[in-house]
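Asker: fold the following.
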Amino acid sequence: MSFPNSQGSLVLLGGVATAAVAFISWAYATYQRDLRAVGGIPGPTSIVNVNRHIMNILPAGKLPLTNLYFNFGGNFWLNSRYKVFNEIGSDIISILSLDFAGPTLGVADAEAIQVPSAQEIMRNPARFVKPTEIYATLNIYGRNVVTINGEEYRIHKKITSPSFSESNNRLVFRETQAIVDALFETWEGKDRIDYDNALPLTVALTLMVISSAGFGVRIPWGEEECPPGHQLSFKTAIEGVSAGLLLKVAVPPFAMAWTKHTTHIENCFKELGRYMHRFIQERSGNHDYEDLLSNLISANENDGEGLKLTEDEVVGNIFIFLIAGHETTAHTLAFCLGFLALYPDIQQKLYEHIRERVADPHGSLTYDELSNLPLVLAVFYETLRFFPAVQAIPRICISDTTLKSVKRNGDPISVPVPAGSVVNVATGAVHFNPRYWKDPEEFRPERFLGDWPKHAFVPFAAGARA
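Answerer: Residues are numbered from 1 along each chain as shown. Predicted coordinates:
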């Protein structure tokens, strides 16, 4: 590339270079300020902050010949687990960036997370609040329990909580059993069933359970016809929303029309919204349904205090409960199947455990027999210890405070946390912290059958908003 040899071009190049140097200097000075604010506690540094949604779709890795990350990547906490804490020698680390995001910390200390003291993170909403602005992009259909705080959160929780009951659990069990039985029917006559990847199967399974128990709509294992008044079938819409949620959250609305794939995802979100609004209109005042959406509609219409959510808020909450959360269930089930394939001795022990504890080992399991299968729960718990549903749980510190922890050598440390800082509870790091878990790298479900460190197991969250 060449430039005209003129004074104007030299001035332009000089201006650009000066601006670039000034910007880099400003970013570095801000980084140094943030580092001093957290007491100089060491940790990895990135250009893109670990809590930004764009992090999930940008390429991850370090800049050449440096220890500076361009982007940590969406799976940073999952991939690193306790490694980065072990390298630094502390259960609290800084996790700073050059994009002016402010002081950010990573925590792998279970005591700092849950001990009822002034330093607790997950159980002190007066000092550490959920950063609703991080979750604001989940207001896709309406405000919901995940994206709000304060009195508004209390109202949403009061109306939505009755929908989660023992009867709903039994419904989920019945529908899951029927869907799995239907799957087995598709396998009849086959000597062997092979899957190179269990995830497509578990995603389909969980979506069908959500569709049936959540919306009262049973969808087949095969194709489904599109009903009148819709451009897509319910199955196609819910599958597209499931697959495209990350893109929908990370990509600006105006950019969703740029490619055929993102356009399809956008259409799936629009169609699912039409379905949910239609269901609400059809079931308002109708008590013939027992699915989660219908229970939520009934609770919203009959609150004892006269509280009421808007229709958009009802849709927003049912979306969060069912769609946004289903992928974690599908992945947990897939990881669980993978572990059982990798450890046939544990698989055999689990099989024998179930046969010994159910009334009819050749028939169907009953809901009441679930409590008699502790090893089944232990296998799921151990899977969640390796692959928690959430990689990190962010909280914003609303007033200056101090977190107390220990170094790997046992020496105590105090880390200042200025107001406005983001504290990330790194769930994978907590689950692999050798202070709490013996041989954390080993898959051992039996660790959950005896006494185990419940305060150091946070696969979803902890505290009042878990």
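Asker: okay, and Ala341 sits in which element?
Answerer: helix 324-342 (DSSP states H and E).
Asker: go through that helix and flag the buried ones.
Answerer: 324, 326-337, 339-340 (16 or more other C-beta atoms under 10 Å). From N, CA and C alone the C-beta is placed, and that goes for glycine too.
Asker: swap in stretch 390-404?
Answerer: Val390, Gln391, Ala392, Ile393, Pro394, Arg395, Ile396, Cys397, Thr401, Leu403, Lys404.
Asker: how about stretch 425-445?
Answerer: Buried, per 16+ other C-beta under 10 Å, within stretch 425-445: 425-433, 435-437, 440, 443-445.
Asker: mind listing which of the residues you listed are in helices?
Answerer: Thr427, Gly428, Ala429, Val430, His431 (DSSP state H).
Asker: what's near enough to touch the nearest residue to the second one once chain neighbours are set aside?
Answerer: Counting by C-beta to C-beta, 6 or more residues apart in numbering, Arg81 is the residue found nearest to Gly428 once chain neighbours are left out, at 4.3 Å. Contact analysis of Arg81 by C-beta atoms under 8 Å, 6 or more residues apart in numbering lists Gly428, Ala429, His431, Phe432.
Asker: pull the most distant pair out of the residues you listed.
Answerer: Ala429 and His431 (7.3 Å; C-beta to C-beta).
Asker: so which residue is smack in the middle of this protein?
Answerer: Val390 (3.9 Å; C-alpha atoms, centre = their mean).
Asker: start to end distance for stretch 357-369?
Answerer: 8 Å (C-alpha to C-alpha, to the nearest Å).
Asker: identify all contacting residues around that stretch.
Answerer: Against stretch 357-369 from outside (C-beta under 8 Å, 6+ apart): Asn169, Arg170, Phe173, Arg174, Gln177, Asp181, Ile354, Arg355, Asn372, Leu373.
Asker: what is the neighbour count of Ser371?
Answerer: Counted with other C-beta atoms under 10 Å, residues neighbouring Ser371 total 9.
Asker: tell me which residues touch it, please.
Answerer: Here Ser371 is in contact with no residues (criterion: C-beta under 8 Å, 6+ apart).
Asker: helix, strand, or coil at it?
Answerer: Judged by DSSP: H, G, I helix; E, B strand; the rest coil, the three-state class of Ser371 is helix.
Asker: what's the separation between it and Gly338?
Answerer: For Ser371, the distance to Gly338 equals 26 Å [C-beta to C-beta, to the nearest Å].
Asker: against Gly73, how distant is Tyr82?
Answerer: According to C-beta to C-beta, Tyr82 and Gly73 sit 18 Å apart.
Asker: how about Val423, secondary structure?
Answerer: strand.
Asker: surely it and Ile121 touch.
Answerer: Yes: Val423 lies in contact with Ile121 (C-beta atoms under 8 Å); the separation is 5.6 Å.
Asker: overlap in contacts, these two.
Answerer: Val107, Phe128, Arg395, Leu403.
Asker: tell me which of those is nearest to Arg274?
Answerer: Lowest distance from Arg274 to the shared contacts of Val423 and Ile121 (C-beta to C-beta) belongs to Arg395, with 35.9 Å.
Asker: restrict the helix or strand containing the closest one to CA atoms and write it as PDB.
Answerer: Assigned by DSSP H and E, Arg395 falls within strand 392-397. Extracted C-alpha coordinates of strand 392-397, given in PDB (Å, rounded to 0.1, in the frame of the first residue of the first chain):
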ATOM      1  CA  ALA A 392     -19.300 -18.500  36.300                       C
ATOM      2  CA  ILE A 393     -21.700 -16.600  38.500                       C
ATOM      3  CA  PRO A 394     -21.100 -12.800  38.300                       C
ATOM      4  CA  ARG A 395     -22.100 -10.400  41.100                       C
ATOM      5  CA  ILE A 396     -21.500  -6.700  41.400                       C
ATOM      6  CA  CYS A 397     -20.100  -5.300  44.600                       C
END
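Asker: residues touching Ile54, list them.
Answerer: Residues in contact with Ile54 (C-beta under 8 Å, 6+ apart) are Val48, Ala250.
Asker: phi, psi for it please.
Answerer: Backbone torsions of Ile54, given as degrees, to the nearest 10, read phi -60, psi -20.
Asker: quick check: the gap between it and Tyr28.
Answerer: 21 Å.
Asker: excluding its backbone neighbours, what's nearest Asn372?
Answerer: Closest to Asn372 by C-beta to C-beta, 6+ apart is Arg357, at 4.7 Å.
Asker: what is the burial count for that neighbour?
Answerer: Arg357: 16 surrounding residues under other C-beta under 10 Å.
Asker: for Ser421, which non-adjacent residue is spatially closest?
Answerer: Pro103 (4.1 Å).
Asker: mind listing what the one you found touches?
Answerer: Counting by C-beta under 8 Å, 6+ apart, Pro103 has contacts Asp34, Ala37, Val38, Ser94, Leu96, Val417, Pro418, Gly420, Ser421, Val422.
Asker: mind running it again at 10 Å?
Answerer: Contact partners of Pro103, counting by C-beta atoms under 10 Å, 6 or more residues apart in numbering, are 33-38, 41, 94-96, 397, 416-423.
Asker: repeat for Tyr195
Answerer: With the criterion set at C-beta under 10 Å, 6+ apart, Tyr195 makes contact with Leu201, Thr202, Ala334, Leu337, Ala341.
Asker: now it: how far from Gly189?
Answerer: 18 Å.
Asker: what of Asp411?
Answerer: 65 Å.
Asker: okay, stretch 38-53 in PDB with CA atoms only?
Answerer: Provided in PDB are the C-alpha atoms of stretch 38-53 (Å, rounded to 0.1, in the frame of the first residue of the first chain):
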ATOM      1  CA  VAL A  38      -8.000  -4.800  43.800                       C
ATOM      2  CA  GLY A  39      -4.700  -4.700  45.800                       C
ATOM      3  CA  GLY A  40      -2.500  -5.800  42.900                       C
ATOM      4  CA  ILE A  41      -3.700  -9.400  43.100                       C
ATOM      5  CA  PRO A  42      -2.400 -11.100  40.000                       C
ATOM      6  CA  GLY A  43      -4.300 -12.800  37.200                       C
ATOM      7  CA  PRO A  44      -4.700 -13.200  33.500                       C
ATOM      8  CA  THR A  45      -5.500 -10.200  31.300                       C
ATOM      9  CA  SER A  46      -7.500  -9.900  28.100                       C
ATOM     10  CA  ILE A  47      -8.400  -7.100  25.700                       C
ATOM     11  CA  VAL A  48     -12.100  -8.200  25.800                       C
ATOM     12  CA  ASN A  49     -13.600  -8.500  29.300                       C
ATOM     13  CA  VAL A  50     -14.700 -12.000  30.500                       C
ATOM     14  CA  ASN A  51     -18.300 -10.900  31.100                       C
ATOM     15  CA  ARG A  52     -19.000  -9.400  27.700                       C
ATOM     16  CA  HIS A  53     -21.500 -11.400  25.500                       C
END
